[in-house]
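Asker: Next one to model:
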Amino acid sequence: MLPIKSLHTVLICEKWEDCVSFYRDVLGLPVLYERERFVEFRVTPDACIGILKPLHPDAPRPSHDRVILSIRVENVEEAREELEARFPGLPAVKKHPWGPRVFEFRDPEGWRIEFWSP
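Answerer: Residues are numbered from 1 along each chain as shown. Reported below is the predicted structural model:
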């Protein structure tokens, strides 16, 4: 196995300011690094999410349906209740046929986010 130290996911967001606010204020992620077009948030000690403003307005954009930020929590019902206070309108928690309890929604840019617990 490669000696990987951490995982950093970078999302390209045209609605950069809205997304920075969402990840900082709604999800409550601490800012690790901030520059003019890029903000990186700490998710866990070994995982980060970066929000990057596109360099060129006409650059091709990735499909928002090809990526899911899947976040495991201790109790998905409690996580949903806490987030609902800051981001109203979240869907109900459902149980997948293979076991996990989950709810899924989209950030201001349209990226899919899933919270789940076993």
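Asker: Only C-alpha atoms from now on, for both contacts and neighbour counts.
Answerer: OK.
Asker: Scan the protein for its longest helix.
Answerer: helix 76-86 (DSSP state H).
Asker: can you give me the strands for the protein?
Answerer: 7-12, 31-34, 38-44, 47-52, 68-72, 94-95, 101-106, 112-117 (DSSP state E).
Asker: can I get those in TSV with mean pLDDT and mean neighbour count?
Answerer: Output for the strands of the chain, formatted as TSV (pLDDT from 0 to 100; neighbours: other Cα atoms under 10 Å):
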stretch	mean pLDDT	mean neighbour count
strand 7-12	90	15
strand 31-34	96	13
strand 38-44	96	19
strand 47-52	95	20
strand 68-72	93	14
strand 94-95	96	14
strand 101-106	96	18
strand 112-117	95	18
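Asker: between those, which one is nearest to E84?
Answerer: strand 101-106 (11.3 Å; Cα to Cα).
Asker: Now find how far off-centre the longest helix of the chain is within its chain.
Answerer: The gap between where helix 76-86 is centred and where its chain is centred comes out at 15 Å by Cα atoms, centre = their mean, to the nearest Å.
Asker: cool, stretch 58-69 as well?
Answerer: Counting by Cα atoms, centre = their mean, stretch 58-69 comes out at 13 Å from the chain centroid.
Asker: Over to stretch 105-118?
Answerer: 6 Å.
Asker: repeat for stretch 103-118
Answerer: 7 Å.
Asker: start to end distance for it?
Answerer: 12 Å (Cα to Cα, to the nearest Å).
Asker: Please apply the same query to stretch 93-111.
Answerer: 19 Å.
Asker: swap in stretch 32-47?
Answerer: Terminal-residue distance, stretch 32-47 (Cα to Cα): 11 Å.
Asker: related to what we said a few turns ago, need the strands of the chain in CSV (columns: distance to S21).
Answerer: CSV is the format used below for the strands of the chain (distance: least, Cα to Cα, whole Å):
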stretch, distance to S21
strand 7-12, 14
strand 31-34, 11
strand 38-44, 10
strand 47-52, 10
strand 68-72, 17
strand 94-95, 27
strand 101-106, 14
strand 112-117, 15
